[in-house]
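Asks: Generate a structure from the sequence data that follows.
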Amino acid sequence: MATNGAQQAFGPGPVLAAHNMMQSGADRAQKEEAHHYLEKFQKSQEAWTITFEILQSSGVDVAAKLFAATTLKGKIVYDLHQVPRSQLISLRDSITGCLITFHAGPKPIRLQLCVCLANLAIQMIEWKNVLEYVVSTLGSDPANVPCVLDFLRVLPEEVTHGRKINLTESELSIRTQELLQDNARQAITLLIQYAQSSPAAARNPQLLNCINSWMRETALNDIVASPLLKVILGGLSAEEPFEAAVECLCSLISETKDVDECKAVIRTLYPEVIALQSKLSEAALAEDTEKYKGISRIFAEAGESWVLLIARMPSDFRPLVQAILESAALDRERDAISHTFKFWYDLKQYLTLEKYMQARLQFVDIYARLVDIMIGHLEYPTPESGDEKDLFEGDREQEEKFREFRHQMGDVLKDCCEVMGVTECLQKPYNLIQAWVQTYGPQAAPNHVPKWQKLEAPLFSLRAMGRMVPPDENIMLPRLIPLIVQIPDHNKLRFQAVMALGRYTEWTAEHSDMLQPQLDFIMAAFDHPDKEVVRAAALSFKFFCNDCASLLVSYTDPLQQFYIKYIEGLPPNSQEEITDGVASVVAKVPNDQVYAKLKMYCDPVMSSIVEIANQANDDVQKKLLADRINLVTIFIELVKPYVDPDEEHPAVKYCQEIFPALGALVTHFRDSVPVLERVCRCWRFMILSYRTAMAPLLPELAQQLTAGFATSKQGCFLWATSSIVREFSREVENISEATTGSVFNFYEEQAKTFLRIMTDRQPEEEPDLIEDFFRLASEMILYYPSESITSQLMDSVLIAACRLLAILKEEPILAILHFLRDLLGYGRDMAPSSSFDSSRHHVPVVLRNRIKELITGAGLELVQRIMTGMMYSFPGSCFPDGSGVLLELFELMPGQVAGWVQQTVSMLPPGSITPQESERFLNNIRQRIETGEIRMIRTILQDFTNSYRRRNVAPREGLGRLEASRFRFSG
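Replies: Numbers count the residues shown, from 1 in each chain. This is a model prediction of the structure:
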């Protein structure tokens with residue numbers, strides 16, 4: 001049989017030379033050539049013999065032998081069809097011989113050979129006595145026992161992941177029964193016999209890995225009631241098997257999550273788990289991090305698995321909850337605490353149900369203690385060097401981990417709020433802040449705040465709990481807020497205080513008497529020398545304005561002065577945040593004031609835009625200009641008052657004033673992508689915010705978008721175009737035929753420009769443009785189905801879609817596939833789009849016929865492109881939509897599409913698929929068509945393309961006749 005590598009000579013020498021080249025310091029071109037050679041070798045017929053030659057050679061290094069073993073595994077998984085069935089026994093014996101050779105290691109090679117033997121066992125369905133053969137062939141010599149254990153470990157894993165094997169579902173199911181269920185009791189017996197053979201055997205990590213592997217294939221009681229449980233628990237007392245023992249015990253506990261089915265097993269395991277508390281304390285005292293993490297993980301796993309029993313029987317399982325609490329409390333390095341986070345959340349989910357109120361009352365004290373523990377862990381470290389600027393003494397990894405854990409611990413505090421109640425939780429940080437004030441407050445000075453860590457941690461906890469506090473909380477917050485706004489001036493304290501206040505803005509909106517001191521505190525922070533504090537102030541200011549806009553609406557003038565004063569000195573993100581804030585307030589003013597307030601706030605921004613534009617001659621200045629344009633967009637996005645259709649819209653009036661300036665920016669900065677994108681975004685939000693009220697600006701806007709796209713060839717113009725298509729469609733009231741006709745003509749101009757661009761460029765050069773266009777095309781099919789589908793331009797758009805599927809990027813592929821699914825949906829009786837007008841649900845015959853006409857013209861290429869993509873180049877996330885398009889085609893024209901699929905399969909490279917596989921695939925499709933089970937074809941296609949892709953892990957190019965041809969448009 002021909003193979004992918006049939007035209008190229010392979011031998012041990014060249015293969016080893018190429019492998020050495022990959023390991024050497026050779027240049028990139030040489031390594032790429034070697035890589036390409038080895039890739040071909042791995043799929044070749046010669047690889048069957050050469051891999052064994054390399055494995056059996058004494059003069060070859062370990063790395064090359066591991067490569068040979070890995071190659072052999074791939075051959076067995078994907079290319080076993082290259083070996084005659086009569087030679088499979090010889091292949092099995094050769095692998096066994098290699099295993100004996102490598103019985104002492106290296107372990108990676110031995111493990112790969114065991115995987116080879118396991119995958120051969122799965123596919124060699126005539127081999128019925130797999131376990132007996134392995135044990136009798138390898139187990140008679142004690143030196144080969146590691147091979148037996150490795151095989152026992154990998155067999156269940158390989159069978160479980162057997163979908164990569166080229167067997168039918170029925171064959172795989174039968175083989176799974178034969179290899180696992182029928183052998184489970186024998187496997188457990190073998191493991192027991194080995195465990196009892198010597199003390200060293202009982203401490204062998206390989207044994208524990210085998211127990212773990214077979215756990216899902218046998219009744220749990222067969223393990224728990226056997227000597228193997230003692231082996232697992234004993235492994236926790238020795239260093240070498242400890243990690244494997246933890247993994248094994250956690251897996252065993254995890255299998256008991258169905259607590260009602262596993263009560264007997266849990267009764268046996270529970271006292272053994274609780275007995276591990278002493279080991280936790282020992283590990284903490286000895287500062288044995290790995291042991292501490294392992295025991296903590298066991299407790300957490302038990303808590304998660306038995307959480308329902310904990311809620312049902314709180315008294316009986318309280319020791320376990322206390323053990324998990326202790327594992328969090330003693331974790332000074334914060335290495336193990338993350339294991340407990342999910343448990344606290346899961347338990348909270350039960351305890352907050354009315355059914356488990358009694359359990360909740362019993363665990364309130366534990367959650368109260370948990371709050372104390374979490375706040376303690378939130379404290380920043382005190383550096384031994386005394387350098388406050390480097391709290392982690394150069395350990396950036398530890399610093400990053402601490403920051404991440406802080407937010408996770410904040411989530412645990414939210415859980416505590418739900419169990420204990422918000423007021424009780426808030427009381428704890430309040431007490432800590434009060435204690436700090438009494439103890440260290442008198443010692444605090446402008447540049448000296450003693451033990452600031454003990455003040456900062458409760459402030460962070462207040463910030464974390466903010467989301468849980470209801471607006472009607474009237475006990476703790478009236479006492480906390482005055483404390484927070486008086487904290488000493490320290491960078492981290494000020495930052496945390498400002499951020500904390502920003503979390504209670506919804507509460508403040510209901511307590512207007514508390515607004516002024518908080519707002520004064522936050523606005524004063526804009527003058528702080530620390531940049532992080534200023535950024536925090538901008539974010540909190542945004543939240544205050546968003547949530548308290550109704551209270552601030554009478555302060556628009558002083559807020560505008562504040563805005564103009566600070567906007568220039570802030571970083572871009574902070575500029576957007578305070579703009580968002582003041583825009584929220586402007587959005588609350590009466591309609592008769594909207595135009596004046598918009599002008600008051602936006603005119604200074606527009607003036608700065610013009611000023612920057614006149615000087616912008618480098619990328620930095622252009623980026624600054626783009627950021628400034630975005631500030632205007634924020635006002636347009638948020639200030640959108642309701643105005644009767646027959647009244648002048650005040651916001652649109654202001655848009656008309658600034659439109660010429662924005663158009664001039666597009667003309668002047670046609671080569672600056674950031675500027676063009678921000679202007680188009682501004683225009684898009686004008687349409688989305690003011691909708692049909694923008695009709696007076698529509699002709700001018702369409703002209704700008706058409707000219708801008710033709711000149712710049714940037715997809716942002718298409719993005720803005722789609723908003724017009726959506727808001728000025730036929731479904732919208734008060735839109736004339738002339739307007740909708742103009743909108744469609746506008747789209748066609750954009751489409752022609754796109755098609756001309758793609759005639760001159762490779763798809764890889766314009767991924768974003770392709771995505772933007774086909775998202776626009778999908779919008780057109782949704783809102784202008786008749787015009788779009790009957791247009792002669794659709795033929796070219798469909799051909800472009802076929803050709804551009806050759807691109808190797810996820811987003812444009814998905815956009816094209818979504819467009820195709822939307823288009824083909826109109827080939828059925830019912831339209832794919834929904835509407836309140838039920839008459840639109842039925843697709844006219846003329847449209848259905850037009851879809852079939854389009855399929856007839858482009859169907860073969862479309863099928864080839866999608867199948868090729870699914871077999872070679874599509875990212876995994878594109879598979880559902882790819883198969884979805886093929887299913888749509890089959891539902892519309894099953895016979896013709898089946899023929900196109902057959903043509904596509906016949907064009908695959910020789911040797912990449914056997915004739916039997918091809919015929920079986922095509923017969924399955926024919927059978928589904930004959931029985932009318934068209935939807936089942938989707939699964940058949942996915943299974944076939946997945947199997948092909950796994951076997952032929954080919955480079956994305958070099959597909960012969962299936963390569964995409966260049967797209968040309970002559971319109």
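Asks: remind me which residues of this structure are low pLDDT?
Replies: 1-8, 162-164, 385-388, 833-840, 953-971 (pLDDT under 70).
Asks: hmm, 50 instead?
Replies: Counting by pLDDT under 50, the ranges of the chain that qualify are 1-6, 836, 839, 953-964.
Asks: Quick check: the gap between the most far-flung residue of it relative to its centre and L480.
Replies: Computed with Cα atoms, centre = their mean, the residue of the chain farthest from its C-alpha average is P442, at 49.8 Å. Distance of P442 to L480, given as Cβ to Cβ, to the nearest Å: 21 Å. C-beta: built from backbone N, CA, C; applies to glycine.
Asks: before we move on, what about G410?
Replies: 17 Å.
Asks: and if you look at P106?
Replies: Note on P106: its distance to L480, by Cβ to Cβ, is 62 Å.
Asks: before we move on, what about T706?
Replies: 58 Å.
Asks: and if you look at Q398?
Replies: Taken as Cβ to Cβ, the span from Q398 to L480 is 31 Å.
Asks: Same drill for those two, tell me which one is more crowded.
Replies: L480 (23 against 15; other Cβ atoms under 10 Å).
Asks: what's that one in contact with, if anything?
Replies: The neighbours of L480, taking Cβ atoms under 8 Å, 6 or more residues apart in numbering as the test, are 426, 429-430, 433, 462.
Asks: what's the farthest-apart pair in those?
Replies: Largest separation among the contacts of L480 by Cβ to Cβ: L426 and I433, giving 10.6 Å.
Asks: Looking at the two, which one has more neighbours?
Replies: L426 (25 against 22).
Asks: Surely the more buried one forms part of a helix?
Replies: Yes: counting by DSSP: H, G, I helix; E, B strand; the rest coil, L426 is located in a helix.
Asks: The stretch 501-650 of the chain: helices as residue ranges?
Replies: Using DSSP state H, counting those that start in this stretch, the helices of the stretch 501-650 of the chain run over residues 505-509, 515-524, 531-547, 549-552, 556-567, 572-586, 591-615, 619-638, 650-668.
Asks: Kindly reformat the ones you listed as JSON lines and extend each row with distance to P84 and mean neighbour count.
Replies: Formatted as JSON lines, the helices of the stretch 501-650 of the chain follow (distance: least, Cβ to Cβ, whole Å; neighbours: other Cβ atoms under 10 Å):
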{"stretch": "helix 505-509", "distance to P84": "74", "mean neighbour count": "19"}
{"stretch": "helix 515-524", "distance to P84": "79", "mean neighbour count": "17"}
{"stretch": "helix 531-547", "distance to P84": "70", "mean neighbour count": "22"}
{"stretch": "helix 549-552", "distance to P84": "79", "mean neighbour count": "18"}
{"stretch": "helix 556-567", "distance to P84": "78", "mean neighbour count": "16"}
{"stretch": "helix 572-586", "distance to P84": "67", "mean neighbour count": "22"}
{"stretch": "helix 591-615", "distance to P84": "75", "mean neighbour count": "17"}
{"stretch": "helix 619-638", "distance to P84": "65", "mean neighbour count": "20"}
{"stretch": "helix 650-668", "distance to P84": "69", "mean neighbour count": "18"}
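Asks: looking at the ones you listed, which is closest to M124?
Replies: Ranking the helices of the stretch 501-650 of the chain by proximity to M124 (Cβ to Cβ) places helix 572-586 first, at 61.5 Å.
Asks: Burial check on T218, number of neighbours?
Replies: Quick note: T218 (other Cβ under 10 Å) scores 18 neighbours.
Asks: Can you name the residues that contact it?
Replies: 184-185, 187-188.
Asks: Double-check V62 against P106; I have them as touching.
Replies: Yes: V62 is within contact range of P106, at 5.5 Å (criterion: Cβ atoms under 8 Å).
Asks: The two: which is more packed in?
Replies: Neighbour count, other Cβ under 10 Å: between V62 and P106, P106 has more, with 14 against 11.
Asks: Could you measure from the more buried one over to L55?
Replies: 12 Å.
Asks: quick one: the residue farthest from the centre of the chain and P488, what's the gap?
Replies: 11 Å.
Asks: cool, and K653?
Replies: Computed as Cβ to Cβ, the K653 to P488 distance reads 50 Å.
Asks: again with R691
Replies: On the measure of Cβ to Cβ, R691 and P488 end up 51 Å apart.
Asks: now swap in S873 and tell me
Replies: From S873 to P488 the distance is 60 Å (Cβ to Cβ).
Asks: now Q762
Replies: Between Q762 and P488 the computed distance is 61 Å (Cβ to Cβ).
Asks: what about these two, which has more around it?
Replies: P488 (20 against 11).
Asks: burial measure for the residue nearest to that one when sequence neighbours are not counted, as a count.
Replies: In space, and not counting its chain neighbours, P488 is closest to A444: 4.3 Å by Cβ to Cβ, 6 or more residues apart in numbering. A444: 19 surrounding residues under other Cβ under 10 Å.
Asks: A444 contacts L493, correct?
Replies: No: in this structure, A444 is not within contact of L493 by Cβ under 8 Å, at 9.7 Å.
Asks: Which strands and helices lie in contact with the helix or strand that contains Y948?
Replies: Per DSSP states H and E: Y948 is located in helix 936-951. Counting contacts by 3 or more Cβ pairs under 8 Å, 6 or more residues apart in numbering; DSSP states H and E, helix 936-951 packs against helix 62-78, helix 879-892, helix 915-931.
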